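Enquirer: Predicted coordinates and the sequence they were generated for:
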Amino acid sequence: MSDTPSPQPPLFKFLGLDPEKSQKYAGWLKFEAILFIVLGVLAIMLPGLFSVGLSLFLGWLFLIGGIFSVIGALQAMKAKNFIWRLASGILTAVVGALVISKPLEWMAILTLIVAGYFLIDGIFKIIYGLRAMGVPGAGMAIINGIFGLIIAWIVYAQWPVSAEWFLGMLIGINLLMAGLFLLRVSGGIKKHTSNP
């Protein structure tokens, strides 16, 4: 009879999880997963609210970051890059204040930028997939690229109306997928702890 401990499941190794604390961690993950799923569903149902929320959140980040940059620059007035740091801080704060003062307009601009990303990324993925024909996953790259082009086309075709739902929908889908993933991980931990 050997006293060697049974090997740790790969999930526990990947998470760096102590088996004794795994039940508590699984419970926390399940709570986090349910929270993400609920927020994701809300964002999909109320995309305009989440789109405006994202715009305001970014505006406040810029404003606060700009103010701290200005304070930091003023504390080092003798530095060689003082003027540039001060100018950068002021610009960042001004952009933040503008976004906060007109979140709907900036939401529309941000929507165009994100749609542009999907357009360019979609083209690159299609080119990559066509050049990698015969390589596993090349077909998926092409499908993913076409999907990106379709998203970009829908957003551009409906702009500026698409600004009311696009970003919120993306946030919702992302939160929902993250929640479903965490729920699977939580279930995997519970499965391994109840059937060692």
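Expert: Thanks, I have it.
Enquirer: Okay, buried residues for stretch 162-181 please.
Expert: The neighbour-count criterion (16 or more other C-beta atoms under 10 Å) identifies 162-172, 175-176, 178-179 as the buried residues of stretch 162-181. Backbone N, C-alpha and C define where each C-beta goes, glycine included.
Enquirer: just how off-centre is that stretch within its chain?
Expert: With C-alpha atoms, centre = their mean, to the nearest Å as the basis, stretch 162-181 stands 9 Å off its chain's centre.
Enquirer: Check stretch 91-110 too.
Expert: On the basis of C-alpha atoms, centre = their mean, stretch 91-110 sits 20 Å off its chain's mean C-alpha point.
Enquirer: just stretch 159-178 next, same as before
Expert: Centre-to-centre, stretch 159-178 and its host chain are 11 Å apart (C-alpha atoms, centre = their mean).
Enquirer: and the nearest residue to A138 once chain neighbours are set aside, what are its phi and psi?
Expert: In space, and not counting its chain neighbours, A138 is closest to A132: 4.1 Å by C-beta to C-beta, 6 or more residues apart in numbering. Phi and psi for A132, reported as degrees, to the nearest 10, are phi -100, psi 20.
Enquirer: Just give me the neighbour total for A132.
Expert: 14 (other C-beta atoms under 10 Å).
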